[in-house]
Structures are given as structure tokens and as C-alpha cells.
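**Student:** Return a 3D structure for these sequence lines:
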Amino acid sequence: MAIDFLTIGHITHDRTPTGIRLGGTVSYAAVAVQRLGRRPAILTRGSLEGVSEPLHQPVAGEDQQNGEPKAIEMLVLPSPVSTTFTNIYRDGRRIQVIDAVADPIWPVDLPPAWANAPIVLLGPIAHELPDAWARVFLHALVGISAQGWLRTWDAAGHVSSKRWDSAPEFLQRADVLFLSRDDVGGDDEYLASLAGESRLMVVTDGWQGSTVYCQGLVRTIPPRPAHEVDPTGAGDVFAAAFMVRLAETADPYEAAHFANVVASFSVEAAGMDAIPQRAQVEAWLAQARQRSATGDEA
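**Tutor:** Numbers count the residues shown, from 1 in each chain. Predicted structure coming up:
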């Protein structure tokens, strides 16, 4: 069966107190997409060796075929190293150290069978997608998670924010731009500049929800209250869920509401364990609509 959601970027090896864990936008996004009922694929570079959550062992019951879990399709291109991060959360802020960076991914690496995927999420982590990717997908619904272009690092690997040099070229083609306030260091002036260049921009802001910038209008979408255990990957889950729902409804506000709920579930356990199934999301949304209809907001 053909894929219907392609995500491109480095998988990462995330150092945690319990060992190396699989990370990266593509990993979290693909798992979220699969649990929402789509057929994802990942084009990446690095290695799955030594990580605790290989994507070829999805959670049982996610997507069954002949009684066995169906794997997420992946093309893992070779690299001497995998992109490796240490993430430290302190007072609600993330401190990142990058320990290694895999080689770039080029358009020539794209399998022909995936070139016509209807939904594409470009999810760079460390500048691994050259500018030529801006001109590859001319007929897909294209989302960009910009964090990988909005970071730089010093000789010791300490990550900080920077301006995105190639933003105009990518934003001429992208249907949706995703980023967080942390990605731009809280620079509202730069956010406004990116919004002006984007067809549609969505900014996530942790427990405060998300803000949609669309055709000159700005609307904040409130979050689902959550008990946060591990926020790693929440923005990636949000972007994937938003693209899925936008493809279904063509409504960016409905997509943001849906994605808020999916991402809020995802932070309630470590790693990818809490990324929800579609039925779990739909059940919560149905209960929320019922509470709203009866005036019970508790």
C-alpha cells in the first residue's frame, strides 16, 4: 500500500538518564501520523543501532496486518555518525547540546516511489536539508518544521537560536510553517517577519497552546490541560497532527485545535509512549463538545 505522508530529516540519538533514545522531528511525526491512521514514511540519514525505540518495532495494535504490527517505512541513508543531542529541561526551558551531526540529505536520495506523496513534512534538525529541497514537491501539501534552520551551535555544541537564511526560498513553496517561540528566542519582531512571508504559520508555545497566523489574522488556540512528563517531540507531534487534520478539513483553526489535543497527550509519558491513537483523540474531542454544549467546562 502506498504511503500518504512523507517526512524528511535526521533521526537523532537523544541522550537521556536511561540511555540513548530515538528522536528527531521525523521520528515523532511518523509515529504520530501512524497512530492517527495514516501511512507514513521517513527519509533520513544516520543509524538505528543502539536506540531504545526503533521504529521497526511499533506498539502492538497501532496498525495491524495479519495479526502483526505494521512497520513505518524508512530509508536510512548511511552516515559515519548519527545526529546526537543532549536535552536538559530547566524551569520550563530546554537547554540543548549537540554532540554529533550526520551528513546532509539530498533530493537525489528521494526514492521515486515517494516523490508523489500527498503530504510532506520537512523536518530538519541540524541544517541537513539543502535549499534544493524547496523545489522538489510541487503538488503535495507541504509543511516545514523550521527548528533545524533556526539553531546554531558553538564549538562545545551548545545550541542557540539564529535567523533562517534561506527562509524566503522555502516559504515561497511551503503551505504551512511550524515553529515554537523558543526556536526564535521569543523574538516577536522576527515572528512577525516570518508570518508576513508565510501562507500559513503556526507557533507553538507549550502549555499556552498554539497561535495561527493566516491571511493577516492572528488567533490563539487554547490547549488541552495535560500532566507534563516529557515535552520532547511535542512540537513535532503537533506539526504532524496539524498536517493530517488540515488535509482532511482545509481548516487551519480546526487543525490547530486537533493538533493541540494530540500533542498534549504526547507529553504525558517519556519518549513516544504517550502519542495517542486516533480513537483516544476523537473520544476526548467528543467529550469536550458535550461539555461545551451543556455548559459544563469542568
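**Student:** which other helices and strands contact whichever strand or helix holds residue 121?
**Tutor:** Taking DSSP states H and E as the definition, one finds residue 121 inside strand 119-122. On a contact count with 3 or more CB pairs under 8 Å, 6 or more residues apart in numbering; DSSP states H and E, strand 119-122 meets strand 5-8, helix 25-35, strand 141-145, helix 234-249. Every residue, glycine included, has its C-beta placed from N, CA and C.
**Student:** could you dump those to JSON lines with mean neighbour count and distance to residue 227?
**Tutor:** Putting the helices and strands packed on strand 119-122 into JSON lines (neighbours: other CB atoms under 10 Å; distance: least, CB to CB, whole Å) gives the following:
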{"stretch": "strand 5-8", "mean neighbour count": "28", "distance to residue 227": "28"}
{"stretch": "helix 25-35", "mean neighbour count": "29", "distance to residue 227": "19"}
{"stretch": "strand 141-145", "mean neighbour count": "25", "distance to residue 227": "25"}
{"stretch": "helix 234-249", "mean neighbour count": "25", "distance to residue 227": "13"}
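**Student:** how about those, which one is nearest residue 116?
**Tutor:** If you check each of those against residue 116 by CB to CB, strand 5-8 wins as the nearest, at 9.4 Å.
**Student:** residues in contact with that closest one?
**Tutor:** 25-26, 29-30, 33, 38-44, 105, 110, 114, 117-123, 129, 133, 140, 240, 243-244 (CB atoms under 8 Å, 6 or more residues apart in numbering).
**Student:** List only buried entries from the residues you listed.
**Tutor:** By neighbour count, with 16 or more other CB atoms under 10 Å, the contacts of strand 5-8 hold 25-26, 29-30, 33, 38-44, 105, 110, 114, 117, 119-123, 129, 133, 140, 240, 243-244 as buried.
**Student:** before we move on, the earlier item: pipe the helices and strands packed on strand 119-122 into TSV and attach distance to residue 87 and mean pLDDT per row.
**Tutor:** Converted to TSV, the helices and strands packed on strand 119-122 look like this (distance: least, CB to CB, whole Å; pLDDT from 0 to 100):
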stretch	distance to residue 87	mean pLDDT
strand 5-8	20	98
helix 25-35	13	96
strand 141-145	16	98
helix 234-249	12	97
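**Student:** closest one to residue 153 among these?
**Tutor:** The nearest among the helices and strands packed on strand 119-122, by CB to CB, is helix 25-35 at 17.0 Å.
**Student:** For that closest one, name the packing helices and strands.
**Tutor:** Against helix 25-35 (3+ CB pairs under 8 Å, 6+ apart) you get strand 5-8, strand 40-45, strand 119-122, helix 234-249, helix 252-266.
**Student:** can you put these in JSON lines and add distance to residue 86?
**Tutor:** Below are the helices and strands packed on helix 25-35 laid out as JSON lines (distance: least, CB to CB, whole Å):
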{"stretch": "strand 5-8", "distance to residue 86": "23"}
{"stretch": "strand 40-45", "distance to residue 86": "20"}
{"stretch": "strand 119-122", "distance to residue 86": "24"}
{"stretch": "helix 234-249", "distance to residue 86": "18"}
{"stretch": "helix 252-266", "distance to residue 86": "21"}
